[in-house]
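Novice: just to be clear, the model below is a prediction. Sequence and coordinates:
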There are 2 protein chains.
Amino acid sequence: MRARRLLHTAIERRSAFARLSEQDLAFFQSILGNSGVITDADALVPFNQDWQKKYEGKSRVALRPRSTEQVSEVLRYCSSRRLAVVPQGGNTGLVGGSVPVFDEVVLSTAAMNKVLEFDEVSGTLVAQSGCVLAALDEHVGARGFMMPLDLGAKGSCHIGGNVSTNAGGLRLVRYGSLHGSVLGLEVVLPEPLLPPPPSRGGGGGSSSGSSNGATASAAATAGSTADGRVLDLLRTLRKDNTGYDLKQLFIGAEGTLGVVTAVAIQCAPRPASVQLALLACPTFAAACTTLRAARRMLGEVLSAVEFLDSACSDLATAYLDGVRNPLLPQDAAAAVAGLGEAGDTGGGAAVVARGRGGGEEGLEGGGVGDDRQFYMVVETHGSDADHDTQKMERFLEHVMAEGCVTDGTLAASEAQAKTIWRLREGIAEALARRGAVYKYDVSLPTAVMYDLVEVLRQRLGAAGFGPEGGVQVRREGGVQVRREGGVQVRREGGVQVRREEGVQVVGYGHIGDGNLHLNISAPRYDDDLLHQIEPYVYEFVRQHNGSISAEHGIGLMKAGALPYSKGPVAIELMRRIKETVDPYGILNPYKVLPQR
Amino acid sequence: MRARRLLHTAIERRSAFARLSEQDLAFFQSILGNSGVITDADALVPFNQDWQKKYEGKSRVALRPRSTEQVSEVLRYCSSRRLAVVPQGGNTGLVGGSVPVFDEVVLSTAAMNKVLEFDEVSGTLVAQSGCVLAALDEHVGARGFMMPLDLGAKGSCHIGGNVSTNAGGLRLVRYGSLHGSVLGLEVVLPEPLLPPPPSRGGGGGSSSGSSNGATASAAATAGSTADGRVLDLLRTLRKDNTGYDLKQLFIGAEGTLGVVTAVAIQCAPRPASVQLALLACPTFAAACTTLRAARRMLGEVLSAVEFLDSACSDLATAYLDGVRNPLLPQDAAAAVAGLGEAGDTGGGAAVVARGRGGGEEGLEGGGVGDDRQFYMVVETHGSDADHDTQKMERFLEHVMAEGCVTDGTLAASEAQAKTIWRLREGIAEALARRGAVYKYDVSLPTAVMYDLVEVLRQRLGAAGFGPEGGVQVRREGGVQVRREGGVQVRREGGVQVRREEGVQVVGYGHIGDGNLHLNISAPRYDDDLLHQIEPYVYEFVRQHNGSISAEHGIGLMKAGALPYSKGPVAIELMRRIKETVDPYGILNPYKVLPQR
Ligand SMILES: Cc1cc2nc3c(=O)[nH]c(=O)nc-3n(C[C@H](O)[C@H](O)[C@H](O)COP(=O)(O)OP(=O)(O)OC[C@H]3O[C@@H](n4cnc5c(N)ncnc54)[C@H](O)[C@@H]3O)c2cc1C
Ligand SMILES: Cc1cc2nc3c(=O)[nH]c(=O)nc-3n(C[C@H](O)[C@H](O)[C@H](O)COP(=O)(O)OP(=O)(O)OC[C@H]3O[C@@H](n4cnc5c(N)ncnc54)[C@H](O)[C@@H]3O)c2cc1C
């Protein structure tokens, strides 16, 4: 059996793994009940296929345990049978890590979605790993707190998946990484590290230290904590230097070392004041200058600095319903009500400035002017609205005066803020709708970050993978459509829509963290195109001392490319740790570590 | 051979370790030169003895390598000879981790004190591990940045020691833990993970990925990076999700897994505005209320919240030259110039209020009133002095109006700020001067934190270890001294000095992080006293789901107590990791992990 759609890495199924039998299913049903064992072919599709529909496995079963104890039982059984297992959270991962490569058993955390504890004084949350991030944010939001991370996939991704990928997201610049905010974890290991206790339910039989004062142990709520496979690191302490910080190993391990069953995390106080600006910058260098000014002038209230190129803006507005760029004149009114001229704050939203080309509207002239090549989303979280407004105003005045920002708008309501975030967060979805996408999530020094987009655009163009050429105007479905230089322009519902055709190279991401999302959008997956991209992108990144995965992880997609970011000694230590914890390699095989 | 001063844990020297020979010394000299090999008995004393003079080893040699390559050579040799090694930084550790237990070779980083790289845009610093924290803070300070951690020992502790203990310190509440701010590490492992490359100096011979784009590799500056013992994780990227985050394992490993040779760390921008207040609170509950108000009202500018009980204040002012408590009337003028009455901001320093008892001065009446049982140090770091002042003023008004703060002063100059910090930071030194100290550094829920001090005070008093009783007045060295209830009061240089005698139980620490430093000061170390303290303290901590080591680590002192904070599965995983990396156990033996 060979994995499909692996593109230029062919992987063989490991023969040491058993194949699923009827007895296996019967066992799973005895533990999880019928509803916890999914075998129906249609119902299995979403478990086998990743969010991008780029990776697809052929698992015959997906399991939905509800408790730590059930996870432990499942792993005990799979280990004894040498059945490979892929842990799955919200299945929003972008590197093919969350779906089977062949016929691995899918272990989904979807039914492990209970909040176990929230401390309203300290803001510490303990939750089962299958809780959806947005649901947790709502839970703690009602109590004056916010989750310390936020990402476009928040409506589906699970906190256990976030921890397992060390998700970064939109507010890392302020609230830091999960290596800092995760306080505790409960993890079920594939093999027991200690022999099982003599009797069930006795608990604490092994030593005076066996009752380790864990807070709200999820295992405890489900029964026994004495299972030698359950690594109980579920504490809610801000500081705890008692031996090696083992939980860190599982943050970002992408399901290869254990199944995270519960997470303790430090929430941040919900800010009393939030401000959000969308800014247009004429060049990437201007965006970098704007970033530095934001760091300096917004200082401690800065909570997000994102960027997108104008191609991303066009994609999001063209492919997604209701997505608007409030800085583009033709739909500004619809998207952000009350926008006036520069300096006019009537209607509550201040248009900071308006660059040239703002008034043009015709099919031909509606393009983005040269002064809007890049957009930035700048957000503040603070405790005093007056102070924050003053800081933001001074910042905006400064960057406008310096010419690094040519146009901008400040959201005057939650609805306007949503419009801005929707533009930024919609990019991944728009790209997915357009067709095939090659996604690269890299760290690079900010100054050279966008060079990668530009050199790749050139490189692909030179290899015949640029946007399609020629000029055509014709009617499609009763609508006049004009194509020129690979750009399709049409009016839909009174709004002018531009779509680039052919291969398109776009860049956006978390500029505040040096994190670029390089995306190559194409009509279909194509190995010739892929060979133009890889290893070129990885080589560029290595040459600039970057990282081939800033936040999405390695998964299946980049396992072979790991040596571009990690040296041989580091990779060998990873292997030894993997072998120590998972000697039969049943947990998420083929992922993260390169094949030997 | 038996370790001295181990108090109630007797440990035997492991017989598998070799004893140092003349050939060993000759080899070390051939690698490090004569100046890098210390064997003189007097010169060895500071390497053998810890900061507290509580732990003392009998090593016959201390090595001072200057480069990663030299460290690697030393470890290669020690491993082949089975010579045990204790890595030592500034030797300011408080749990007996940094000194030999028996005759281990001391490997000091004192000569590895070069700054390798500083990026003035991003604020990322790369330095050899032996750089002193204060020196680094000065280095980056001159460039507009600050180190993300600060502690009382900053003038001696090394950045490698900070990383190896996961030091917390005074500003964790704002800048987070080293698990978040350390970006990269270079570590020399006791055993190579890969065979040595075929030829010297060739470099990158093993695979296309062997040149891993590390930034400013300290090993590279010293020669070869191809040593299978050097784990090069020295990156300066904010985000890098490429495989397991191995550096995390060494943050807090206390020298048991490898020798940290270089550190890459994210510095914070030096704040444009700093404010510092010293406040007096009548009860610990009032201090907790003050903490919550500070979190809410100072929000994003809050950079430190410390507390000390009045006994700590008395100790620091009594035992250290030039240390003053600006809120105590008899020396306020000397310490903080220009203090006026409530509401008077003349002279630049605002006395926020003055509690009752403020005017009394006589030998009998100079005690601390009931309204000053606790002091808090509250600091802000911000980008706008006006905004920060406004926030601080509103906060102070609020806590005074609520009655949780009865007196307070805001530093109006750097000199005044130093006076306040000196009071807080001097406590450890004052305790050390007073005599023997049993130090416990625990995490506890804030509400019950001080209960531990109070119950222990009672417990020790009941067991006959309280302050000495009786009333005496007599002249000592021409000075009239009055003793009552264990308190000695005398005038020295016109200033009234109070000293508690006998056993004293005091509490201070990082209240903003839930971190109490419980200290039992005694005339001398005494096993009977120790048995009254341990395991009682650890049991109290476990019962309240705390941590037996918030920030100081485990070292030798708490290795046996680790099970109070970590379960058996976790301890077993630590052991397996230790065995994977250090199969002969030569690195910092007897520390961190409990004896089997
Ligand atoms: C629109 C969109 C926007 C995104 N934005 C961001 C972003 O800004 N920042 C960012 O970092 N990522 C982003 N991502 C990627 C993705 O959402 C994150 O990686 C997320 O953390 C994955 O969570 P999940 O629950 O979906 O995990 P999954 O996709 O289900 O799994 C991801 C990996 O973790 C493992 N895993 C999942 N749950 C567990 C568990 N309980 N125990 C052990 N292993 C487990 C899986 O085996 C897999 O290897 C985005 C994705 C989309 C679709
Ligand atoms: C006055 C005073 C105040 C203090 N305040 C604080 C505080 O606020 N917060 C806090 O956390 N601690 C505090 N400490 C404790 C101590 O300063 C810290 O633990 C500090 O981080 C130790 O650094 P060091 O260089 O002195 O390490 P050392 O004491 O030399 O060593 C500490 C441990 O780390 C290991 N080690 C040292 N260097 C290396 C290396 N390069 N590679 C591998 N292992 C190494 C040693 O083997 C030992 O186990 C204080 C100590 C004093 C004396």
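Specialist: Everything's here; your move. Residues are numbered from 1 along each chain as shown, chains lettered A, B, ... in the order given. Ligands and ions are numbered 1, 2, ... in the order given.

Novice: please make it C-alpha for all contacts and neighbour counts, starting now.
Specialist: Fine.

Novice: residue A:589 - that's part of a helix, no?
Specialist: No. Counting by DSSP: H, G, I helix; E, B strand; the rest coil, residue A:589 is not found in a helix; it is coil.

Novice: show me the strands in the stretch 401-550 of chain A, by range?
Specialist: Along the stretch 401-550 of chain A, the segments classed as strands by DSSP state E, counting those that start in this stretch run A:407-410, A:436-443, A:471-476, A:479-484, A:487-492, A:495-500, A:504-510, A:515-522.

Novice: the last one and ligand 1, are they touching?
Specialist: Which is strand A:515-522. No. Using C-alpha under 6 Å from any ligand atom, we find that strand A:515-522 stays clear of ligand 1, coming within 9.4 Å at best.

Novice: now do the contacts for the residue nearest to residue A:410 when sequence neighbours are not counted.
Specialist: Nearest residue to residue A:410 in three dimensions, chain neighbours excluded: residue A:277, at 4.3 Å (C-alpha to C-alpha, 6 or more residues apart in numbering or on different chains). By C-alpha atoms under 8 Å, 6 or more residues apart in numbering or on different chains, residue A:277 lies in contact with A:376-379, A:408-411.

Novice: for those residues, which one is nearest ligand 1?
Specialist: residue A:377 (13.7 Å; C-alpha to the nearest ligand atom).

Novice: and that closest one, what helix or strand is that in?
Specialist: Residue A:377 is located in strand A:374-382, with elements delineated by DSSP states H and E.

Novice: tilt between that strand and strand A:504-510?
Specialist: 20 degrees (axes from the mean of the first three to the mean of the last three C-alpha atoms, to 10 degrees).

Novice: the residue nearest to residue A:410: what secondary structure?
Specialist: Residue A:277 is classified as strand under three-state DSSP.

Novice: got the confidence number for it?
Specialist: Looking at residue A:277, its pLDDT is 98.

Novice: and residue A:592, by the same measure?
Specialist: On the pLDDT scale, residue A:592 is placed at 98.

Novice: contacts only, for it.
Specialist: A:254, A:256, A:553-556, A:558-559, A:562, B:243.

Novice: ok, the closest residue to residue A:585 other than its chain neighbours - how many residues close by?
Specialist: Leaving aside its chain neighbours, residue A:585 sits nearest to residue A:579 (7.2 Å; criterion: C-alpha to C-alpha, 6+ apart). For residue A:579, the count of nearby residues is 14 (other C-alpha atoms under 10 Å in any protein chain shown).

Novice: tell me if residue A:579 really is in a helix.
Specialist: Yes. If the criterion is three-state DSSP, then residue A:579 is within a helix.

Novice: how much space between it and residue A:165?
Specialist: In this view, residue A:579 and residue A:165 are 20 Å apart by C-alpha to C-alpha, to the nearest Å.

Novice: same question, residue A:85
Specialist: 17 Å.

Novice: go on, residue A:184?
Specialist: 16 Å.

Novice: now do residue A:426
Specialist: 21 Å.

Novice: the two: which is more packed in?
Specialist: residue A:165 (25 against 22).

Novice: quick one, what contacts that one?
Specialist: A:251-254, A:551-553, B:241.

Novice: these in strands, which ones?
Specialist: Residues of these located in strands (DSSP state E): none.

Novice: for chain B, what's its nearest residue on the stretch 1-150 of chain A.
Specialist: For the stretch 1-150 of chain A and chain B, the shortest gap (C-alpha to the nearest C-alpha) falls at residue A:121, measuring 8.2 Å.

Novice: how about the secondary structure of that residue?
Specialist: Relying on three-state DSSP, one would call residue A:121 coil.

Novice: is it true that residue A:259 touches residue A:189?
Specialist: Yes. Judged on C-alpha atoms under 8 Å, residue A:259 makes contact with residue A:189 at a distance of 6.5 Å.

Novice: more crowded one of these two?
Specialist: More crowded of residue A:259 and residue A:189, by other C-alpha under 10 Å: residue A:259, with 33 against 23.

Novice: who are the contact partners of the residue of the stretch 301-450 of chain A found nearest ligand 1?
Specialist: Using C-alpha to the nearest ligand atom, residue A:428 is the residue of the stretch 301-450 of chain A that sits closest to ligand 1, at 5.0 Å. Going by C-alpha under 8 Å, 6+ apart, residue A:428 touches no other residue.

Novice: one more: residue A:431?
Specialist: A:315-316, A:437, A:521.

Novice: among these, which pair sits farthest apart?
Specialist: A:316 and A:437 (14.3 Å; C-alpha to C-alpha).

Novice: higher neighbour count, those two?
Specialist: residue A:316 (28 against 24).

Novice: roughly how far apart are residue A:16 and ligand 1?
Specialist: Distance, residue A:16 to ligand 1, by C-alpha to the nearest ligand atom, to the nearest Å: 20 Å.

Novice: report the secondary structure state of residue A:117.
Specialist: strand.

Novice: would you agree it is in contact with residue A:127?
Specialist: Yes. Using C-alpha under 8 Å, residue A:117 is in contact with residue A:127, at 6.8 Å.

Novice: just the residues of chain A that are near ligand 1, which are they?
Specialist: So far as C-alpha under 6 Å from any ligand atom goes, chain A lies against ligand 1 at A:86-94, A:97-98, A:109, A:129, A:151-153, A:157-158, A:160-162, A:164-165, A:167-170, A:254-255, A:258-261, A:428-429, A:551-552, A:555.

Novice: among the residues you listed, name the ones in strands.
Specialist: Using DSSP E, those in strands are A:86-88, A:259-261.

Novice: one step back: which one of the contacts of residue A:277 is nearest ligand 2?
Specialist: The shortest approach to ligand 2 among the contacts of residue A:277 belongs to residue A:379, at 33.0 Å (C-alpha to the nearest ligand atom).

Novice: list the contacts of that closest one.
Specialist: So residue A:379 contacts A:274-277, A:302-305 (C-alpha under 8 Å, 6+ apart).

Novice: between the residues you listed, which is nearest residue A:326?
Specialist: When the contacts of residue A:379 are ranked by distance to residue A:326 (C-alpha to C-alpha), residue A:277 comes first, at 10.6 Å.

Novice: helices and strands of chain A: which one has the lowest mean pLDDT?
Specialist: strand A:351-353 (a mean of 38; mean pLDDT, DSSP states H and E).

Novice: show me where the stretch 1-150 of chain A has its strands.
Specialist: A:37-38, A:62-63, A:85-88, A:105-108, A:115-119, A:124-128, A:145-146.

Novice: helices or strands up against the fourth one?
Specialist: I take that to be strand A:105-108. Judged by 3 or more C-alpha pairs under 8 Å, 6 or more residues apart in numbering or on different chains; DSSP states H and E, strand A:105-108 is in contact with strand A:62-63, strand A:85-88.

Novice: I'd like those strands as JSON lines, with distance to residue A:145 and mean pLDDT appended.
Specialist: As requested, the helices and strands packed on strand A:105-108 are exported to JSON lines (distance: least, C-alpha to C-alpha, whole Å; pLDDT from 0 to 100):
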{"stretch": "strand A:62-63", "distance to residue A:145": "33", "mean pLDDT": "98"}
{"stretch": "strand A:85-88", "distance to residue A:145": "27", "mean pLDDT": "98"}
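
Novice: with distance to ligand 2 as extra columns, can I get the ones you listed in JSON lines?
Specialist: Formatted as JSON lines, the helices and strands packed on strand A:105-108 follow (distance: least, C-alpha to the nearest ligand atom, whole Å):
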{"stretch": "strand A:62-63", "distance to ligand 2": "43"}
{"stretch": "strand A:85-88", "distance to ligand 2": "35"}
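
Novice: just those: most buried one?
Specialist: Each of these was scored by mean neighbour count; the highest is strand A:85-88, a mean of 28, by mean count of other C-alpha atoms under 10 Å in any protein chain shown.

Novice: in CSV, list the C-alpha atoms belonging to that one.
Specialist: This file holds the C-alpha atoms of strand A:85-88, laid out as CSV (Å, rounded to 0.1, in the frame of the first residue of the first chain):
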residue,chain,number,x,y,z
VAL,A,85,-2.9,5.4,16.0
VAL,A,86,-3.3,9.0,14.8
PRO,A,87,-4.5,11.4,17.5
GLN,A,88,-6.9,13.9,16.0
